[in-house]
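Colleague: Just the structure for this:
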Amino acid sequence: MAVIPFLSFHLEKVQLMRLIGILLIIALLIELLRRIIPGVNTRFTAMFGAMLRDSENDKLTGATYLLIAAFFSFWLFELWIAQVVMFFVIISDGLSALMGKWIGKHHCFKNKTWEGNAVFVFTAILIILLHPECPLFIGLVGVLIAFLADILSFRLDDNWTIPISSGLIMQLVAWLSV
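Modeller: Have a look, this model is predicted:
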């Protein structure tokens, strides 16, 4: 999925939206088919079961939520904001989960660790510092909102809440600062 924000540096918005839209339609079709045809779900689980969380057996997968978030982020937000928030969820959230499980010793929220949280914040700040168009203040606001969405999204999938909530606030701050 990291390819989507990288492609956004090279494709026109219409091309990018078509690509994300096609991928999203395919993902939603697979989600529908695996619910109504047991054999499809059996094959899907055999292929991707190791990557799925238990909760993804009876609801949308994180990958599908990520495609939904990418579609809406690139449609609704300025390009640089969509790029940043998608990197937040793909890089910061992904690395924080891996590092939290690998080196995390100090639990703070549900299944979150202080070590994983530190990785999230560090990588998210690195993302805004490396992005050529991201103003520091707007980026730091986005980091804060993305972090809060990550640690507080107990019922909603954070592949959706991180980019949409941080993107909405960043877009609002960008409009207000003009």
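
Colleague: just for the protein, where's the confidence low?
Modeller: 1, 49-50, 52, 54-57, 104, 106, 108, 114 (pLDDT under 70).

Colleague: one more time with 90
Modeller: For the chain, the stretches with pLDDT under 90 are 1-2, 34-35, 37-62, 96-117, 150-157, 178.

Colleague: any chance you could map the strands in it?
Modeller: Assignment of strands within the chain using DSSP state E yields the ranges 107-109, 112-113.

Colleague: Any chance you could list what contacts the longest helix along the chain?
Modeller: For the chain, the longest helix by residue count, based on DSSP state H, is helix 13-36. Identification of contacts with helix 13-36 by Cβ atoms under 8 Å, 6 or more residues apart in numbering yields 4, 7-8, 11, 40-41, 44, 60-61, 63-64, 67-68, 70-71, 74-75, 79. All C-beta spots, glycine's among them, are computed from the backbone N, C-alpha and C.

Colleague: Point out the ones among those that are inside helices.
Modeller: Reading helices off the contacts of helix 13-36 with DSSP H, I get 4, 7, 40-41, 44, 63-64, 67-68, 70-71, 74-75, 79.

Colleague: of those, closest to residue 153?
Modeller: For the ones in helices among the contacts of helix 13-36, the residue nearest residue 153 by Cβ to Cβ is residue 68; the value is 14.3 Å.

Colleague: need the contact list for that closest one.
Modeller: By Cβ under 8 Å, 6+ apart, the neighbours of residue 68 are 24, 160.

Colleague: winner for burial among the strands of the chain?
Modeller: strand 112-113 (a mean of 20; mean count of other Cβ atoms under 10 Å).
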